[in-house]
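Q: model this:
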Amino acid sequence: MNMPQPDINDVSRPYWDALREGHLVVQRCNCGHAWLPARRHCPACLSPDVRWERASGRGRLLSWVIYHTAYHPAFEARLPYNVALVQLEEGPRLLTNIVDPNESLAAEAPVELKVEWEEDVALARFRLAVPAAL
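A: Alright, predicted model coming up:
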């Protein structure tokens, strides 16, 4: 079974192109607000003057759920799998997956980007980051 495919259009293409190159980008407005997913106008002030900027790829795990039932046939072989909410250092939150074992997930755990490929689409997934030694 083929995986569901993202809607890649003229607004979201820079996001998907950056992932293909191995990094993450977010949109930012002149007012300072940063966000994902892509849109034509700033969700904070509605300005159309938005730009893409490279993100650090670091964040923290806010929450997650572990699925034990596949609600799409393409996910059946992955059970159980997680869907996680990651807060990026730049501010936006991103729904994603954590590639580490589900048992190792912990609230507020630091995470870092791990680009993974599904068929011919690069996806932003995350792994648990090892805290820097003191």
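
Q: Which parts of this protein are strands?
A: Secondary structure of the chain (DSSP state E): strands at 25-29, 34-35, 50-54, 58-67, 81-88, 93-96, 110-118, 121-128.

Q: could you give the angle of the last one to strand 25-29?
A: Interaxial angle, strand 121-128 versus strand 25-29 (axes from the mean of the first three to the mean of the last three C-alpha atoms, to 10 degrees): 90 degrees.

Q: who's in contact with strand 121-128?
A: Contact with strand 121-128 is made by 3, 5-6, 16, 19-20, 22, 24, 59, 61, 84, 86, 94, 96-100, 104-105, 109-117, as judged by C-beta atoms under 8 Å, 6 or more residues apart in numbering. The C-beta positions use only the backbone N, C-alpha and C, and glycine is treated the same way.

Q: Show me how far it is from its chain's centre.
A: 7 Å (C-alpha atoms, centre = their mean, to the nearest Å).

Q: got any ranges where the chain has weak pLDDT?
A: 1, 131-134 (pLDDT under 70).
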